[in-house]
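Undergrad: Sequence first, then the predicted structure:
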Amino acid sequence: MPTPPPSSFLWNGRVVVPDDVAPGRLLLDYLRRDLRSVGTKEGCREGDCGACAVLLGELGLDGAVTYRAVPSCMVLVGHVAGRHVVTIEGLNPGRGLSPVQAAVVEHGGSQCGFCTPGFIVSFTGFLLNATEFTTEAAKSSIAGNLCRCTGYVSLVRAGASIASHFDGLTAPGPDRIRALVATGAIPACFDGAASKLAALPSPDRNGRATGDGTSFEAPLGGGTDLIVQQGAKLDEAAPRILLRSESARAPYVEGDHLVMPGDTTFEDLRRCTAFAGLWPLAPKDLERFASGIIRERATVAGNITNASPIADGTAMLLALGAELELSTGAGTRRLPLSKLFLGYKQLALEPGEIIHAVRTPRELAPGRHFSFEKVSKREYLDIATVTTAFSANLHEGTFSCVLLSAGGVGPTPMLLEKTASFLEGKAVCAESVLEAAAVIDTEIAPISDVRGSASYKRLLLRQLFFAHVLKLFPDLVAESELMEVSA
Ligand SMILES: Cc1cc2nc3c(=O)[nH]c(=O)nc-3n(C[C@H](O)[C@H](O)[C@H](O)COP(=O)(O)OP(=O)(O)OC[C@H]3O[C@@H](n4cnc5c(N)ncnc54)[C@H](O)[C@@H]3O)c2cc1C
Ligand code: FES
Ligand code: FES
């Protein structure tokens, strides 16, 4: 049998060859308009509502297929080559409702039904990947799905019942897939997907995924910024796609460093034991970044290179003292992340240079502390008004090696160097913290915009700096000491 073309992918277990379609076409449009897979709904087209969620399965180096729920409006046809796309039509086992569908019906989780396919996909993704079957975990699996009519209580009840029904399933992997097929939670096409995917050419199995950049110069990671900003331009293009499959882009430890390939996603980081262990709240803090379905696509390099002043990942990495490995076809060089930003959306990158990897220490040195804080209009699933991270050594009651990052208070994400030098060697006490807050004020230049006035952002950063210190050094600084003076 001839090998299918490199653009081929599996759709609900069947090989699809989108050879007359530009790799830059939105998967959502291809599914709904070309394949007439209209169960996948089109809501916001900006990654915000989850109505378009599908499962994306990738063959790992171990021969097992891993499925993640992703928003198909944030995925291009070129992204799914060699992968398995499962839409709502492919989730029903063909003999009545699946247990996930039944739970949503039983708990009154659907009214007009528009959002329902997205919720079913996200809950099924939860069943495929959960490491704990709690109501909280089921709830966080639908954090990227919005419903305008049912109200979330019934959906959370449905999630709780799914979690308790399936508690005790074997670890994620081929055995779990078989167990879920046996219960009718997913159809049999999941079980045979590994061998079908192995027979498809995968553009990134032996290296980087590539398009040739036709009609679209910028390289693409997950596309969660570029698709929102330039989706129409991408439709006819063959962008150069850097996002490889999960097993190829996993972060790894090298000597004293944690190395994140540029296409590592924020959900990869949450799954990476080394990153999750860097500071105690790391997995929780990462949940403040978008939703799970966006974090599955949003890459570390994309967050940095998009150069938004309010990029949360960049704020975290600045305070971790991250270094970039930059590469062109011709060579590589290293650059501290703090030296990358020259001005609003201006970067110290050579033409054609990409972020190959981001390096941080593999662990915080003994006595070193780290904190991340963010204020946004909604606590979850929202971009920041101000975002900041702080790290410092506590040595005999004094600060040393301070790194304080701030986003949303100037044209670029930044390290506040004057404040850091001011704190060097100072006692960890209310007096030095209050004096440092005055230095912060001299280093930032926020502007008023839809997220808040300049003076509000100044106040926010001051309070978030206090929050860092109170969280990390509660025995040395009391909230009352800071609040009385600031009032
Ligand atoms: C609904 C939604 C919610 C969001 N919430 C948040 C949030 O809470 N916090 C936050 O910080 N961001 C948020 N974002 C923004 C976005 O998800 C992140 O900035 C993400 O990390 C971008 O990564 P990407 O791979 O999708 O970038 P892409 O869109 O693929 O690319 C972004 C830029 O980076 C460049 N690029 C990509 N990879 C490389 C590379 N390896 N080397 C050089 N250049 C590269 C591209 O050319 C482009 O200029 C949100 C986005 C959406 C749609
Ligand atoms: S249509 Fe809203 S997330 Fe895709
Ligand atoms: S049931 Fe109508 S939007 Fe959710």
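TA: Perfect, I can see it now. Ligands and ions are numbered 1, 2, ... in the order given.
Undergrad: so Asp263 makes contact with Gly223?
TA: No. Counting by CB atoms under 8 Å, Asp263 sits too far from Gly223 to count as a contact (11.4 Å). For the C-beta atoms, the positions are set from N, CA and C on the backbone; glycine is no exception.
Undergrad: Give me the common contacts of those two.
TA: Shared contacts of Asp263 and Gly223 (CB atoms under 8 Å, 6 or more residues apart in numbering): Leu243.
Undergrad: residues near Ala454, how many?
TA: Ala454 has 14 neighbouring residues, counting by other CB atoms under 10 Å.
Undergrad: Roughly how far does it sit from ligand 3?
TA: Using CB to the nearest ligand atom, to the nearest Å, we find Ala454 at a distance of 37 Å from ligand 3.
Undergrad: Look up how far Ser245 lies from that residue.
TA: 44 Å (CB to CB, to the nearest Å).
Undergrad: Check Leu226 too.
TA: On the measure of CB to CB, Leu226 and Ser245 end up 20 Å apart.
Undergrad: just Val54 next, same as before
TA: Counting by CB to CB, the gap from Val54 to Ser245 is 16 Å.
Undergrad: more crowded one of the two?
TA: Val54 (33 against 21).
Undergrad: what's near enough to touch the closest residue to Ala218 other than its chain neighbours?
TA: Closest residue in space to Ala218, ignoring its immediate chain neighbours: Leu226 at 6.4 Å, by CB to CB, 6 or more residues apart in numbering. Neighbour list for Leu226: Ala218, Leu220, Leu234, Pro239, Gly302 [criterion: CB under 8 Å, 6+ apart].
Undergrad: Could you tell me how far Leu226 is located from Val153?
TA: For Leu226, the distance to Val153 - CB to CB - is 36 Å.
Undergrad: now Ala276
TA: Counting by CB to CB, the gap from Ala276 to Val153 is 30 Å.
Undergrad: Looking at those two, which one has more neighbours?
TA: Ala276 (16 against 11).
Undergrad: returning to what we had before: kindly identify which of the contacts of Leu226 also come near ligand 1.
TA: Residues of the contacts of Leu226 in contact with ligand 1 (CB under 6 Å from any ligand atom): Ala218, Leu220, Gly302.
Undergrad: Burial check on the first one, number of neighbours?
TA: It refers to Ala218. Counted with other CB under 10 Å, Ala218 comes out at 14.
Undergrad: can I assume it is in contact with Leu242?
TA: No. Assessed by CB under 8 Å, Ala218 is found out of contact with Leu242, at 10.4 Å.
Undergrad: helices or strands next to the helix or strand encompassing Lys284 in the packing?
TA: Assigned by DSSP states H and E, Lys284 belongs to helix 282-286. On a contact count with 3 or more CB pairs under 8 Å, 6 or more residues apart in numbering; DSSP states H and E, helix 282-286 meets helix 266-271, helix 273-276.
Undergrad: Can you identify the element that follows it toward the C-terminus?
TA: That would be, after helix 282-286 and using DSSP H and E, helix 292-295.
Undergrad: State the mean pLDDT of that next one.
TA: For helix 292-295, the mean pLDDT works out to 97.
Undergrad: again with stretch 432-447
TA: Mean predicted lDDT for stretch 432-447 stands at 98.
Undergrad: How far does that stretch sit from its chain's centre?
TA: Mean-position distance between stretch 432-447 and its chain equals 30 Å (CA atoms, centre = their mean, to the nearest Å).
Undergrad: Cheers, nothing more for now.
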